[in-house]
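**Q** Okay, sequence plus prediction incoming.
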Amino acid sequence: MRFLGNIEAKTDAKGRAFLPAVFRKVLQTSGEENLVLRKDVFQKCLVLYPESVWNARLDLLKNQLRPWKQAHQQMFRQFVSEAEVVSLDGNGRFLISKRLQKIAEIDQDIQFIGMDDTIEIWSPQNLEQTLRSEEEFGEEFERIMNTDDAL
């Protein structure tokens with residue numbers, strides 16, 4: 001399952017957004033019906049996970065944590081408590097809760113970014129602040145791809 005693209009969209013007054021058709025098609029092709037929405041761990045954006053991807057990431061996290069260690073239990077609790085199950089209605093819309101809209105500073109305009117097996121949802125202003133200039137991107141890309149660890 002691979003989501004690709006940068007698609008501009010809008011939410012309605014209730015906070016509903018249409019999942020772009022190209023992303024809905026990927027979900028349908030892969031047989032995914034359930035989605036999980038959560039704030040990104042590092043950035044002020046939301047991440048939409050197909051259920052199978054969410055479950056795999058949750059398993060990965062659980063394998064790194066010890067259940068009888070307080071800090072680990074708190075980390076897991078915070079990670080899962082900030083997640084919400086969402087579903088698409090018959091028109092391909094889903095609801096972004098007011099809580100998550102506020103956290104990600106989402107108003108009406110949004111941008112969907114396909115991130116391989118997940119989809120990010122950004123306010124255009126926050127996305128613009130995180131992107132590098134073309135020159136900086138090229139230099140960083142070259143540096144990363146030319147390290148011994150890259151392969």
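**A** In hand now; what should we look at? Being a predicted model, the structure only gives us computed values, none of them experimental.

**Q** Helices of the chain, residue ranges please.
**A** 21-30, 51-64, 70-81, 98-103, 124-130, 134-145 (DSSP state H).

**Q** partners of the closest residue to residue 45 other than its chain neighbours in the sheet?
**A** Once flanking residues are discounted, residue 45 sits nearest to residue 122: 4.5 Å by C-beta to C-beta, 6 or more residues apart in numbering. Any C-beta I mention is one placed from the backbone N, CA and C, and that applies to glycine too. With DSSP bridges as the criterion, residue 122 is bridged to residue 111.

**Q** which residues sit in contact with residue 122?
**A** 45-46, 104, 106, 110-111, 113 (C-beta atoms under 8 Å, 6 or more residues apart in numbering).

**Q** Kindly recompute the last result at 7 Å.
**A** By C-beta atoms under 7 Å, 6 or more residues apart in numbering, residue 122 lies in contact with 45, 110-111, 113.

**Q** Relative to residue 140, which of the residues you listed is nearest.
**A** residue 113 (17.8 Å; C-beta to C-beta).

**Q** For that closest one, give its distance to residue 64.
**A** Between residue 113 and residue 64 the computed distance is 26 Å (C-beta to C-beta, to the nearest Å).

**Q** Between these two, which is the more surrounded one?
**A** residue 113 (17 against 10; other C-beta atoms under 10 Å).

**Q** so where's this structure shaky on pLDDT?
**A** By pLDDT under 70, the low-scoring segments of the chain are 148-151.

**Q** then stretch 102-122 to PDB, C-alphas only?
**A** In PDB, the C-alpha atoms belonging to stretch 102-122 read as follows (Å, rounded to 0.1, in the frame of the first residue of the first chain):
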ATOM      1  CA  LYS A 102      -6.800  22.400  17.500                       C
ATOM      2  CA  ILE A 103      -3.700  20.400  18.100                       C
ATOM      3  CA  ALA A 104      -2.700  20.500  14.400                       C
ATOM      4  CA  GLU A 105      -3.800  24.100  14.000                       C
ATOM      5  CA  ILE A 106      -6.200  23.100  11.200                       C
ATOM      6  CA  ASP A 107      -8.800  25.600  10.200                       C
ATOM      7  CA  GLN A 108     -10.600  25.100   6.900                       C
ATOM      8  CA  ASP A 109      -7.800  24.600   4.400                       C
ATOM      9  CA  ILE A 110      -5.800  21.400   4.600                       C
ATOM     10  CA  GLN A 111      -3.300  19.500   2.600                       C
ATOM     11  CA  PHE A 112      -3.100  15.700   2.300                       C
ATOM     12  CA  ILE A 113       0.400  14.300   1.900                       C
ATOM     13  CA  GLY A 114       0.900  10.700   0.800                       C
ATOM     14  CA  MET A 115       3.700   9.300   3.000                       C
ATOM     15  CA  ASP A 116       4.000   5.700   1.700                       C
ATOM     16  CA  ASP A 117       1.800   3.700   4.000                       C
ATOM     17  CA  THR A 118       0.200   6.600   5.900                       C
ATOM     18  CA  ILE A 119      -1.400  10.000   5.000                       C
ATOM     19  CA  GLU A 120      -0.500  13.200   6.700                       C
ATOM     20  CA  ILE A 121      -3.000  16.000   7.100                       C
ATOM     21  CA  TRP A 122      -1.500  19.500   7.400                       C
END
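
**Q** Brilliant, that's me finished.
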